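**Student:** Build me a model from this:
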Amino acid sequence: MIEAGVKRDLVLQDGALIASTTQDCVPIAEYAKARSREGLHGSGDMKLAASIPFVFIEKYLIDAGISFQEFAGSPVHKRRLLSDPALADFRVWRGQV
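**Tutor:** Numbers count the residues shown, from 1 in each chain. Purely as a prediction, here's the structure:
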């Protein structure tokens, strides 16, 4: 899993430890749009469906209450993430997953 441009911070605020993760997702969206526009999404059964930024995968894992291993081994979780309309800018191949 590529974590390009990921920044993690821990801040002590009013006695509470607050963790945050940020990532500049614009370059990833631009990359995905360019590949999609140029038809560079693979062929046959080996398609590049999307290039999803790490922060969105991490949020999905937290919201679903699962580990990365559970996510990686489950077509259901991958399909759910890839089908999220909020992540459409990161799709390369627009077919059904």
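**Student:** can we go C-alpha only for contacts and neighbour counts from here?
**Tutor:** Noted.
**Student:** Pull the contacting residues for Gly95.
**Tutor:** Applying Cα atoms under 8 Å, 6 or more residues apart in numbering to Gly95 gives the contacts Ala49.
**Student:** Quick check: the gap between it and Arg35.
**Tutor:** 14 Å (Cα to Cα, to the nearest Å).
**Student:** One more: Leu17?
**Tutor:** For Leu17 relative to Arg35 (Cα to Cα), the value is 40 Å.
**Student:** Compare these two (neighbour count), which wins?
**Tutor:** Neighbour totals were compared for Leu17 and Arg35, and Arg35 leads with 18 against 9 (other Cα atoms under 10 Å).
**Student:** for the more buried one, helix, strand, or coil?
**Tutor:** Three-state assignment for Arg35 (DSSP: H, G, I helix; E, B strand; the rest coil): helix.
**Student:** Would you list the phi and psi of the spatially most central residue of the chain?
**Tutor:** Nearest to the mean C-alpha position of the chain, by Cα atoms, centre = their mean, lies Ile52 at 2.8 Å. Backbone torsions of Ile52, given as degrees, to the nearest 10, read phi -90, psi 130.
**Student:** On the pLDDT front, check the residue nearest to it when sequence neighbours are not counted for me.
**Tutor:** Residue nearest to Ile52 in three dimensions, not counting chain neighbours: Phe90, with 5.7 Å by Cα to Cα, 6 or more residues apart in numbering. Phe90 carries a pLDDT value of 96.
**Student:** Cool, thanks, talk later.
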